[in-house]
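In: got a structure for you, letters missing:
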């Protein structure tokens with residue numbers, strides 16, 4: 001999710017919500033992926049080992065628009081594969097398909113992202129492929145859908161994204177974005193999701209057992225300021241925000257180790273930045289189904305801050 005910015009001509013054209021296309025064909029430069037033109041991948045994409053395809057292969061399932069290598073960065077704080085880790089690649093590749101269908105859309109932002117997790121993601125180095133297609137595109141935005149599959153055709157996740165056109169970016173935000181993209185990927189980046197996001201508990205752990213169903217929101221996990229997670233507009237990457245919302249929902253359940261994420265719906269209300277606080281409430285806590293609602297807001301604005309993300313996560317018993 002990104003914000004409208006001054007109407008200035010961008011130095012590089014947009015590819016998706018969180019990625020730039022570089023005119024220079026320097027394929028060996030950090031953050032670049034091959035093709036007729038280089039793709040400047042943001043630091044968020046690099047941390048999640050996402051690559052976008054400049055010349056996608058088309059097939060019955062749409063277009064093969066990106067790949068994601070798996071590893072520690074798909075693991076939750078308990079060391080278990082977390083389906084929300086796919087939010088970054090799906091946010092980007094859904095937007096890529098929409099851009100291809102609506103070339104008049106210069107810059108777009110994600111307004112809604114829905115993930116359906118079909119089975120746990122691998123974490124053993126398997127490279128997953130995103131196949132996406134635009135479903136509707138017009139002058140205001142549109143919708144795209146897609147799947148994330150393994151090399152043997154196993155389908156791990158289905159996703160749908162709605163997007164809206166916005167004004168062009170701020171060149172200063174792009175400068176920061178490209179500077180972050182030049183950082184190396186060392187051993188310190190091969191870490192679980194909570195470390196990538198700067199996640200931390202902000203209150204004592206709830207009592208063991210089933211979570212209490214509540215009407216009011218309570219404080220959930222917090223996320224420290226991570227400037228490397230910003231996109232070319234200067235806002236936090238929509239995929240990163242989606243993972244934060246899912247993790248906050250998961251950690252609201254004391255018995256979360258016995259449940260897998262089934263689905264996640266995220267609505268992006270306004271741009272996000274700085275340290276992030278979550279507010280959570282459990283709406284259902286059955287043996288076979290859990291529903292947790294989440295709001296993300298600026299931590300510095302206190303408990304009454306307007307949310308920039310609203311989300312609902314559904315969990316089912318772990319496989």
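Out: Nice, I can see it. Keep in mind that what you see is a predicted model, and the values were worked out from it rather than measured. Numbers count the residues shown, from 1 in each chain.

In: Where does pLDDT dip in the chain?
Out: 1-40, 55-57, 59-61 (pLDDT under 70).

In: Go again with 90.
Out: Within the chain, the stretches with pLDDT under 90 are 1-41, 53-62, 99-108, 139, 166-174, 203-209, 231-233, 300-304, 319.

In: Next, name the residue at the spatial heart of it.
Out: For the chain, residue 239 is the residue whose C-alpha lies nearest the centre (C-alpha atoms, centre = their mean; 1.1 Å).

In: In the helix or strand hosting residue 67, which of the residues would be classed as buried?
Out: Using DSSP states H and E, residue 67 sits in strand 62-69. By neighbour count on 16 or more other C-beta atoms under 10 Å, the buried set for strand 62-69 is 62, 63, 64, 65, 66, 67, 68. C-beta: built from backbone N, CA, C; applies to glycine.

In: Equivalent analysis for stretch 146-155, please.
Out: Quick answer for stretch 146-155 (16+ other C-beta under 10 Å): 146, 147, 148, 149, 150.

In: Quick one: distance of it to the chain centre.
Out: 18 Å (C-alpha atoms, centre = their mean, to the nearest Å).

In: Could you do stretch 165-181 as well?
Out: Stretch 165-181 has its C-alpha centroid displaced from the chain centroid by 18 Å (C-alpha atoms, centre = their mean).

In: Report the buried residues of that stretch.
Out: 165, 166, 168, 169, 170, 173, 174, 176, 177, 178, 180, 181.

In: out of the residues you listed, which are inside helices?
Out: Among these, the ones falling in helices (DSSP state H) are 173, 174, 176, 177, 178, 180, 181.

In: With the flanking residues excluded, which residue is spatially nearest to the first one?
Out: When the adjacent residues along the chain are set aside, residue 173 lies closest to residue 234, with 3.4 Å between them (C-beta to C-beta, 6 or more residues apart in numbering).

In: State whether residue 88 and residue 240 are indeed in contact, as I suppose.
Out: Yes: in this structure residue 88 lies within contact range of residue 240 using C-beta atoms under 8 Å: 6.8 Å.

In: Need the residues touching each of these two.
Out: Contact criterion C-beta atoms under 8 Å, 6 or more residues apart in numbering; residues shared by residue 88 and residue 240: residue 44.

In: Strands along this protein, start to end?
Out: All strands of the chain, identified by DSSP state E, fall at 20-22, 38-40, 50-59, 62-69, 107-117, 127-138, 141-149, 155-166, 199-200, 218-223, 259-268, 276-285, 290-298, 309-317.

In: a markdown table please, covering those strands and showing distance to residue 248.
Out: Listed next are those as a markdown table, based on distance: least, C-beta to C-beta, whole Å:
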| stretch | distance to residue 248 |
| --- | --- |
| strand 20-22 | 29 |
| strand 38-40 | 30 |
| strand 50-59 | 22 |
| strand 62-69 | 22 |
| strand 107-117 | 15 |
| strand 127-138 | 24 |
| strand 141-149 | 22 |
| strand 155-166 | 20 |
| strand 199-200 | 8 |
| strand 218-223 | 4 |
| strand 259-268 | 11 |
| strand 276-285 | 4 |
| strand 290-298 | 5 |
| strand 309-317 | 8 |
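
In: Determine which of the ones you listed approaches residue 190 most closely.
Out: strand 62-69 (10.8 Å; C-beta to C-beta).

In: packing partners for the closest one?
Out: strand 50-59, helix 87-101, strand 127-138, strand 141-149 (3 or more C-beta pairs under 8 Å, 6 or more residues apart in numbering; DSSP states H and E).
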